[in-house]
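**Student:** following is a predicted model, sequence given first.
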Amino acid sequence: MRFSDRKDILKTKNVILISGVALLIILSVFAYLIWGKVRFIYYEATEFTMGTRIRVYISSDEMNPKDLANMVLREFERIDQKFDPYNPESVIYKINHSNDWVDVDKETFALIEAAVGYAKLTEGAFDPALGRIITLWGFDDFSSKNASSLTVPQEKEIKKALQMSGYQNIVLDRENMRIKMLNGAQLDLGAIVKGYALEKSYNIVKSIDKDATGFIDAGGEIKIIGPKYGKTFWVIGIKNPRGTGSIDYIYMKEGSIATSGDYERYFIVDGKRYHHIIDPQTGWPASYARSVTVIARDAVAADVLSTAGFVMAKDWRYVVVHFPELGAQVFMVLSDGSIKKSEGFLAYERKP
Ligand code: AMP
Ligand code: MG
């Protein structure tokens with residue numbers, strides 16, 4: 001064998017060896033990626049509760065994800081039945097239809113106390129005692145089917161309902177665990193209860209499997225249970241408030257995101273849109289934003305602050321500066337279509 005032939009054979013052997021190693025590496029990477037996905041089998045369940053579609057997308061090694069998803073949905077049903085002010089069986093209905101003290105359990109007291117705390121924090125922009133006004137506008141019993149039958153109330157009716165509204169009318173007796181409403185005011189927890197249910201059901205899931213991953217979506221309000229496939233981001237679209245599709249995409253591995261929008265529940269009279277987020281100072285639908293999105297660790301904070309931010313949108317500078325001090329990042333679409341966001345929001349808009 002000539003010297004050059006041996007060199008050629010050696011060269012070929014090296015090439016085969018290197019190709020083999022490269023193939024092995026590629027196969028291992030594929031196996032790793034596929035195994036990662038196989039390990040995380042997601043189960044999806046949906047149900048219509050709380051006037052919206054609840055979607056659970058979950059994976060767990062500890063419990064059958066189907067059972068976990070059902071536990072989440074049962075918790076939403078429980079909270080809906082307990083706190084729906086228009087259900088005669090609910091504790092809120094009882095409080096709203098009594099002129100006297102109503103004894104309540106710990107959970108009810110804590111939720112209403114938290115709502116009053118948020119009302120103070122947002123200087124009344126979020127107000128859990130607007131039941132009279134919400135009923136007057138017809139948003140208590142709203143469906144897209146009856147939207148065409150709704151009418152704009154008269155100014156004097158709005159004034160009267162306003163006099164019978166406001167969180168200052170909620171009296172809390174912590175010692176005796178009882179609550180009383182003054183001036184005929186009525187509770188409506190519609191702007192906090194979805195966040196509350198998200199937080200409670202998240203805690204149930206995590207108490208069973210702290211490593212469970214997935215998310216719970218309550219009509220656009222989302223609580224992340226854990227990163228996708230245990231390691232990567234969930235991509236969440238922010239709905240375009242006019243038209244279809246998304247106007248922005250958010251990348252999150254944990255935490256909560258909530259959007260309040262004028263496109264969720266509304267009716268149109270003479271070309272003008274009347275929607276369900278009420279400015280507690282005027283009794284009319286808040287008119288300076290189309291949608292407000294808030295990212296926070298806690299779903300209750302995200303829910304409350306997106307509603308409050310919507311009401312406060314005239315002072316959007318205040319919102320984008322001060323909400324981050326409360327641990328919340330904000331993305332606002334104002335009524336002229338312009339977009340305003342807090343500085344910290346940018347970090348969620350692309351993979352870091
Ligand atoms: P959200 O979709 O979380 O912004 O909540 C809107 C719901 O909260 C409405 O359908 C009403 O039931 C109630 N709501 C409306 N305006 C307010 C407000 N300013 N503060 C608190 N709750 C409100
Ligand atoms: Mg809300």
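**Tutor:** Alright, I've got the coordinates. Residues are numbered from 1 along each chain as shown. Ligands and ions are numbered 1, 2, ... in the order given.

**Student:** in the chain, what secondary structure element scores lowest on mean pLDDT?
**Tutor:** helix 3-39 (a mean of 65; mean pLDDT, DSSP states H and E).

**Student:** now do the buried residues in the helix or strand that that one is followed by.
**Tutor:** Next along the chain after helix 3-39, taking DSSP states H and E as the criterion, comes strand 43-49. For strand 43-49, a neighbour-count test (16 or more other C-beta atoms under 10 Å) marks 43, 45, 47, 49 as buried. No exception for glycine: its C-beta is placed from N, CA and C like everyone else's.

**Student:** state the distance from the residue lying closest to the last one once chain neighbours are set aside to residue 22.
**Tutor:** What sits nearest to residue 49 in space, not counting adjacent residues and going by C-beta to C-beta, 6 or more residues apart in numbering, is residue 76, at 4.8 Å. Counting by C-beta to C-beta, to the nearest Å, the separation of residue 76 from residue 22 is 51 Å.

**Student:** would CSV of the buried residues of strand 43-49 with pLDDT and distance to ligand 1 be doable?
**Tutor:** Conversion of the buried residues of strand 43-49 to CSV gives the following (pLDDT from 0 to 100; distance: C-beta to the nearest ligand atom, whole Å):
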residue, pLDDT, distance to ligand 1
43, 97, 27
45, 98, 22
47, 97, 18
49, 95, 15
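
**Student:** ok, of those, which one's closest to residue 291?
**Tutor:** Nearest to residue 291 among the buried residues of strand 43-49: residue 49, at 22.8 Å, using C-beta to C-beta.

**Student:** closest residue of the protein to ligand 1?
**Tutor:** In the chain, no residue comes nearer to ligand 1 than residue 190, which is 2.6 Å away by C-beta to the nearest ligand atom.

**Student:** which secondary structure element contains that residue?
**Tutor:** Using DSSP H and E, residue 190 maps to neither a helix nor a strand.

**Student:** low-scoring stretches of the chain, by residue?
**Tutor:** 1-17, 28-38, 144-145, 351-352 (pLDDT under 70).

**Student:** got the phi and psi for the residue of the chain closest to ligand 1?
**Tutor:** Phi and psi for residue 190, reported as degrees, to the nearest 10, are phi -60, psi -20.

**Student:** need the contact list for it.
**Tutor:** When contacts are counted by C-beta atoms under 8 Å, 6 or more residues apart in numbering, residue 190 touches 134, 276.

**Student:** and the residue nearest in space to the middle of the chain, what are its phi and psi?
**Tutor:** The chain has residue 221 as the residue nearest its centroid, 2.2 Å off, counting by C-alpha atoms, centre = their mean. Backbone torsions of residue 221, given as degrees, to the nearest 10, read phi -100, psi 120.

**Student:** quick check: bridge partners of the nearest residue to it once chain neighbours are set aside?
**Tutor:** Leaving aside its sequence neighbours, residue 221 sits nearest to residue 258 (C-beta to C-beta, 6+ apart; 4.2 Å). Under DSSP bridges, the beta-bridge partners of residue 258 are residue 294.

**Student:** residue 238 versus residue 258, what's the distance?
**Tutor:** Counting by C-beta to C-beta, the gap from residue 258 to residue 238 is 11 Å.

**Student:** thought residue 313 was touching residue 289?
**Tutor:** Yes. Assessed by C-beta atoms under 8 Å, residue 313 is found in contact with residue 289 at 3.6 Å.

**Student:** what do those two both touch?
**Tutor:** Taking C-beta under 8 Å, 6+ apart as the contact rule, residue 313 and residue 289 both touch 332, 334, 335.
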